[in-house]
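In: Got a predicted model here, sequence first, then my questions.
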Amino acid sequence: MPEPADPNLVAREGATPPAARVPPPPGAKAGELERAIYELRVHQVELEMQNEELRRVQLELAQMRDYYMELFDLAPVGHLVLDREGKVLEANQAAARFVGVAREALVGRHLSAFMGEAAADAFHLHRQAVIAGSRQHNCEIELTAASGRKVPVHIASVARNGEAGCGMTLRSVLIDLTELRESEGRLSQIAHHVADAFVLSDVRQGRILYVSPAFEAITGRSEQALYDAGAKASAWVHPDDRAVVVAEIDRHLASPGGYDLTFRILRPDGEVRWVRARGTAIAGADGRVERDVVVLSDITEHRALQEQLQHAHKMEAIGTLASGVAHDFNNVLQGIIGCTTLAMREGIPVEQMRGYIAAATKVAHRGGQLAAQLLAFSRKEVANARALSIDEVLHGGKNMLERLVTEKIRIELETSAPRCPVLADAVQVEQIVMNLASNARDAMPEGGTLTLGTEEVELLPSEASARGLEAGRYLRLRVSDSGTGMDERTRARIFEPFFTTKAVGKGTGLGLASVFAIVRDLGGHIEVESRPGSGTRFDLLFPCAPPEGIVADPPEEGTATALGRRTVLVVEDELLIRMALVRFLKELGLSVHEAASPLDALELVRTYPGPLDLLITDIVMPDMLGTKLAELLRERHPTLRILFISANPQGVVGEEAPALPEPLLQKPFGEAELVAKVGEILNAP
């Protein structure tokens, strides 16, 4: 017979209790009775161990329930267990707080008791949807707290079977939307009362997510029109700007970051408006751009005002030039008066007389150049660009600069780029130089040195790329002064429109902004270095243009051109000018007729039976513009060639003459220039 098992060993090894045995009948052997008693003791030990484990598990469950009940009550969202009819079976503190009652007062009541009629109907439909669909359902309703306060909530519910002994129940989560609604209200107030439009789009799906009401005021199109159009809204951009805008936006949306674009749009009524789009491309969790936020501003009026102020800035500079210009013109007039007075003296030798007259002519040409510079600087429009020698512009404008900066400032020219012309208009270059010189003058109130130099440089691909340029040959225009200099904060803002360090009324803040704009339009780049007390240096880079475009100097006086026997009509209301023109042309062997006014010219042509090859006419005259006269004469002589002359051709541009007439010879001009221009016109095919 095997040894009986040790009860402790049985307990340690977790032996399964033996099968229940029937107590031995009376008279059973003592060994069998002892074995039965032993087995009963083993079973008792096992039961005690199971009871201990059960008590431990019950304690852990109670602790776990207390833990989760704390979380349940501390949760900022409401938690409810409802029956099919919406009666509250369980609730946390947040849910009770939403309706303004204690949790005990909430449990056992129908949640619809805290709703208005419309909300109760929506809640009923919500419960039915959850029960029928057996999956999560969401809705938004408004609870009415015991105090009468309205609480908008979002409810998400799922159905569960057999919970709390009630068959099917609903587990619901309530989220208080009060702060969200208030935030939406504040955003809506902002969106409805600012002039800028806000647009939020999903870049990956190509969908518009939000459009503020100002969009319609700016574009003339409804918010819904943008929702419907999506990416096709690029068709609303002005055709001349569309390709650039689309390419720029695509480039910016390739990676997260901000962008700032200015372009034109077309409204449905055909009106063109200027807009500024400031956007931010926002990355998603994967690092790729997911959202695009754009602020759209109508800057049409702002641009118009800016253009007016830019012109005003030029007028301000001209005001500074006025005394210097008057000084130069008085010197010109004095030279002419002196020379002509000496030439008219009796008994003077012919050669000496010729010398005085030649000197007077030279002085007169200098006066004409001065007037041309001033008119070019003051006019709003810019003539057509051509390959221009910056070296020549600087040397030709030195006298004007000296008048601008006053005698306290010494001007030094260090030009060394004669073979690097720049595709520009002289007016643009003059405006750049004048604005930079004006700033230098203000930075040197006690006097100093203004240095202007040119140099041809070759930009390597890395150097060009760092400046947003193409590699190749460039002209570097360096303008430096020995003035007060600037700190870093000022230097960072000098190209901003309307930024100025001058006193109120002393500057528009557009000088350097216009310089920056012109340099950019010419495909160039501008850099500035400056430190307080160490002066300022501007480096401007312009791409070199082919040298063949540089305008050649006019031919020397007296150059003759074989023109054959042609007939010319000269129309000029100034007697001395007309007299000189007629004499110059007759010396070329031309047949010349003259008229003092457009009406006289029309009468002359009406009675003149012969051919007419060329009309030379002033533009601004009494009774009629020269451009109109040319139109009328061409009706009678369709092959008539025209040469316009004018002292200020830009001054006639307007409704009657929308553009500068061509070909044009600007006064004052010499005999050689007239002869060359007439020969060019008459000998043209």
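Out: Thanks, I have it.
In: rest of the way, CA atoms for contacts and neighbours
Out: Will do.
In: Look up phi and psi at the spatially closest residue to V107 that is not a sequence neighbour.
Out: Leaving aside its chain neighbours, V107 sits nearest to V88 (5.0 Å; criterion: CA to CA, 6 or more residues apart in numbering). V88 has phi and psi values of phi -80, psi 120 when expressed as degrees, to the nearest 10.
In: Same check on K362?
Out: According to degrees, to the nearest 10, K362 has phi -60, psi -40.
In: So what's the residue count around the residue nearest to V107?
Out: 20 (other CA atoms under 10 Å).
In: Can you name the residues bridging to R641?
Out: Beta bridges link R641 to L614, judged by DSSP bridges.
In: coming back round to it: my guess is the residue nearest to V107 meets S112, correct?
Out: No: contact criterion CA atoms under 8 Å: V88 and S112 do not qualify, at 9.9 Å.
In: Please identify the buried residues of stretch 569-577?
Out: Of the residues in stretch 569-577, 569-573 count as buried by neighbour count, 16 or more other CA atoms under 10 Å.
In: In strands only, show me the residues you listed.
Out: 569-571 (DSSP state E).
In: for the residues you listed, which one is nearest T490?
Out: Lowest distance from T490 to these (CA to CA) belongs to V571, with 56.2 Å.
In: List the residues that contact that closest one.
Out: 578, 594-598, 601, 615-618 (CA atoms under 8 Å, 6 or more residues apart in numbering).
In: just those now: which is nearest A105?
Out: Closest to A105 out of those is D618 (101.1 Å), distances taken as CA to CA.
In: Can you tell me the SS state at R55?
Out: helix (DSSP: H, G, I helix; E, B strand; the rest coil).
In: Model confidence for it, exactly?
Out: R55 carries a pLDDT value of 86.
In: got it, and E70?
Out: At E70, the model reports a pLDDT of 68.
In: if we can go back for a sec, residue contacts, the residue nearest to V107?
Out: 80-82, 106-111.
In: Scan those residues and report the most crowded one.
Out: By neighbour count, taken as other CA under 10 Å, the most surrounded of the contacts of V88 turns out to be L82 (26 neighbours).
In: Can you name the residues bridging to that residue?
Out: Judged by DSSP bridges, the bridge partners of L82 are V88, L170.
In: give me every residue that touches it.
Out: So L82 contacts 88-90, 169-172 (CA under 8 Å, 6+ apart).
In: Pop out the phi and psi values for the most centrally placed residue in the chain.
Out: Centroid-nearest residue in the chain: L261, 3.0 Å away (criterion: CA atoms, centre = their mean). Dihedral pair for L261: phi -120, psi 150, per degrees, to the nearest 10.
In: Let me see the contact set for the nearest residue to it once chain neighbours are set aside.
Out: Spatial nearest neighbour of L261, chain neighbours left out: A277 (5.2 Å); criterion: CA to CA, 6+ apart. With contact set as CA under 8 Å, 6+ apart, A277 has these partners: 260-262, 294-297.
In: Which ones among the contacts of V88 lie within strands?
Out: Among the contacts of V88, the members found in strands (DSSP E) are 80-82.
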